[in-house]
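Novice: Here is a sequence with its predicted model. Questions after.
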Amino acid sequence: MEEKAGKLLSQINLPSDLKQFKEEDLVEVCKELRQYIIDMVSVNGGHFASSLGVVELTVALHYVMNTPYDRLVWDVGHQAYGHKILTGRRDVFHTNRIYKGISGFPKRSESEYDTFGVGHSSTSISAALGMAVASHLKGETNRQHVAIIGDGSMTAGMAFEALNHGGIAKSNLLVILNDNCMSIDPNVGALKDYLTNITTSKTYNKFRDDVSAVLSKISELGPNAHQIVKTIEKTIKGSLLNKSNFFEALNFRYFGPIDGHDINHLTKVLKDLRDIPGPKLLHCVTVKGKGYTLAEKDQTKWHSPGLFNKITGEIKKSSQSIPQGPKYQDVFGNTIVELAEKNEKILGITPAMPSGCSLNIMMKAMPDRAFDVGIAEQHAVTFSAGLAAEGYVPFCNIYSSFMQRAYDQVIHDVALQKLPVIFCLDRAGVAGADGATHHGAYDLAYFRCIPNMIVSAPMNEEELRNLMYTAQLKDHGGPFSIRYPRGNGVMPDWKRPFKEIEIGKGRTVSEGEDVAILSIGTIGNEVSKALTVLNEEGYHPAHYDLRFVKPLDEALLHQVFSKFKNVITVEDGCLQGGAGSAVLEFMIDNNYQAAIKRLGIPDAIIEHGEQAELWAECGYDAKAIEMAVKEMSVAKITKGLVG
């Protein structure tokens, strides 16, 4: 690699090397680490602003704590690049998020310093608390357990549940609240306002400085020093903030807010907290994108900017000369506004992903009708159910992998009550470089088994628009789900007049013979690519776009099984319980006999890589489809000759 680590950073292969430096050297270590992240991400891509914001905190934690014996649990993991670089992965960091390279998130199988695998938000406190209780049971009284969680992740119910338990567990747990007022987009909600009130209170901040001075002389107060300070803190903090401190009310010792970019003060505070038993929370105020001016000014844009010129800040665009379709998320974002202009009952809901799913387009055009509810998928679903119960038409947009977190709410609060919530599942199928934690592999299977649920997937942008249009026309007797992938579509000319699609009706893409290919969703475009090659080579399979896996187009399937004895199903989803399984069930239930080859995501955890690389690995890209058709055709010919 052309990019090289600085003089000090190049000497750090493990945290034990970091500990050899003097405290006054840590400022330079942080400077070099921040520059290395800028250098590497600018040419290789990845999450950017999050890691820049916690450079000092990362260095301080590995300097003070005895990692990996002491457990660090990072929430989500967007911010863990510095952690990876300091823990033996600097020389392979250029492979970050690249196919067969290191993961973009902490991962237990990758390093002993990655104590818990993450990717979804708000898991860190629960995991660290579990580790702390385990250490207590094993008699490991000197082991530290640290959960590093952002104020965005703190809005999720799971974080509150963990705090509620942690306050009574009395385990050796330190929660570090990385407060930068951001997740991917700006944070929302009452907790954000509460934390802002703390960080801007002049009276409280003066008190904080006074307490810090007391803590620095704690040894002079005698054997009961910790209890004395605890009593004073608890009394004065509540009165200064005109209400009980939220974290203190949950039995967490609250410290802060402190400057999360003052490495020397951070180091000192962490050393003090290391010696205080029980549940504690350190409130660090940081700046997402710290040290790169453009990222500080536009933190959402620079959350994951792709490749860029680190000097000018110019983000590099694709050099592809062939006209591309728009991103599917933008088709959703523009279409919901278009529909909402005609239907005043339409509302948009997303759990903290307005820019990621493009609901921000509606939030700008119709701010009173679009809702960012924070990182709270369960709440987003039941909130949508409440809106539907009162006659509104909620479009609840949640990434496919995040929808897994609200499964009970979909069943209990929506489907059982036959409420017409429209679920738009972005990032369905393999999601690319984000890897195993973000692949939308399971939604076809986990939604297909829910009564009263319509499960659909468009093959292109026009069908996405028409499915959205169809979903809001009337109450279909329950929820309506529409899944689509990350990335660009295939239709530059996509904005066409709306057409209603008959529920449960597939379509014939191309007639053929010998072999029938049944696809669901945008992976059908890989089938089209395969057919172009196959037709030139003398093979002429038929292609059908199912569009719905629930209800299935039974008339279409009767037609297929009456004509074809060789059938291939293709889906960008798990094979267990997915579209292929639905077709097999239909065949058995209706006493048909045919050879069926199912192509899709196998029963395995799929790691990160470009979507095309993962389609190939899993065996359902255009090449794999071509091979499957040829194998079935040969088998048919061979059987005919033998007969």
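Specialist: Arrived safely.

Novice: Just list the residues touching H283, thanks.
Specialist: For H283, the contacting residues are 177, 179, 195, 198-199, 254-258, taking Cβ atoms under 8 Å, 6 or more residues apart in numbering as the criterion. Placement of C-beta: from N, CA and C, glycine included.

Novice: if we go to 10 Å?
Specialist: 151, 175-179, 195, 198-199, 208, 247, 254-258, 260 (Cβ atoms under 10 Å, 6 or more residues apart in numbering).

Novice: what helix or strand is it on?
Specialist: Taking DSSP states H and E as the definition, H283 sits inside strand 280-285.

Novice: just how off-centre is the helix or strand that that strand is followed by within its chain?
Specialist: Beyond strand 280-285 in the direction of the C-terminus, DSSP H and E gives the next helix or strand as helix 293-297. Using Cα atoms, centre = their mean, to the nearest Å, we find the averaged C-alpha position of helix 293-297 to lie 23 Å away from the chain's own average C-alpha position.

Novice: which residue ranges form the helices in the stretch 1-150 of the chain?
Specialist: With DSSP state H, counting those that start in this stretch as the definition, the stretch 1-150 of the chain shows helices at residue ranges 15-18, 26-44, 49-53, 55-64, 81-84, 124-137.

Novice: so which of the ones you listed gets nearest N343?
Specialist: Nearest of the helices of the stretch 1-150 of the chain to N343, taken as Cβ to Cβ: helix 49-53 at 36.9 Å.

Novice: Distance check, V54 against I263.
Specialist: Taken as Cβ to Cβ, to the nearest Å, the spacing of V54 relative to I263 amounts to 11 Å.

Novice: And E341, by the same measure?
Specialist: As defined by Cβ to Cβ, E341 lies at a distance of 52 Å from I263.

Novice: So, low pLDDT: which residues of the stretch 301-450 of the chain?
Specialist: Low-confidence regions of the stretch 301-450 of the chain, defined by pLDDT under 70, span residues 318-322.

Novice: ok, back up a step: of all the helices of the stretch 1-150 of the chain, which lies closest to V269?
Specialist: Ranking the helices of the stretch 1-150 of the chain by distance to V269, with Cβ to Cβ as the measure, places helix 55-64 first at 8.4 Å.

Novice: D272 and F255 touch, don't they?
Specialist: Yes - proximity of D272 to F255 meets the contact threshold set by Cβ atoms under 10 Å, at 8.4 Å.

Novice: sorry, back to before: parallel or antiparallel, which strands does the strand holding H283 pair with?
Specialist: On the basis of DSSP bridges, the sheet neighbours of strand 280-285 come out as strand 173-179 (parallel), strand 253-259 (parallel).

Novice: Could you export the first one as PDB, CA atoms only?
Specialist: C-alpha atoms of strand 173-179 as PDB (Å, rounded to 0.1, in the frame of the first residue of the first chain):
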ATOM      1  CA  LEU A 173     -19.800  -2.300  34.100                       C
ATOM      2  CA  LEU A 174     -18.800   1.000  32.500                       C
ATOM      3  CA  VAL A 175     -21.100   2.500  29.800                       C
ATOM      4  CA  ILE A 176     -19.500   5.200  27.700                       C
ATOM      5  CA  LEU A 177     -22.000   7.400  26.000                       C
ATOM      6  CA  ASN A 178     -20.500   8.800  22.800                       C
ATOM      7  CA  ASP A 179     -22.700  11.900  22.500                       C
END
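
Novice: Tell me the gap between that strand and the middle of its chain.
Specialist: On the basis of Cα atoms, centre = their mean, strand 173-179 is displaced by 21 Å from the centre of the chain it belongs to.

Novice: Ends of stretch 80-89, what's the gap?
Specialist: Across its full length, stretch 80-89 reaches 12 Å between end residues, using Cα to Cα, to the nearest Å.
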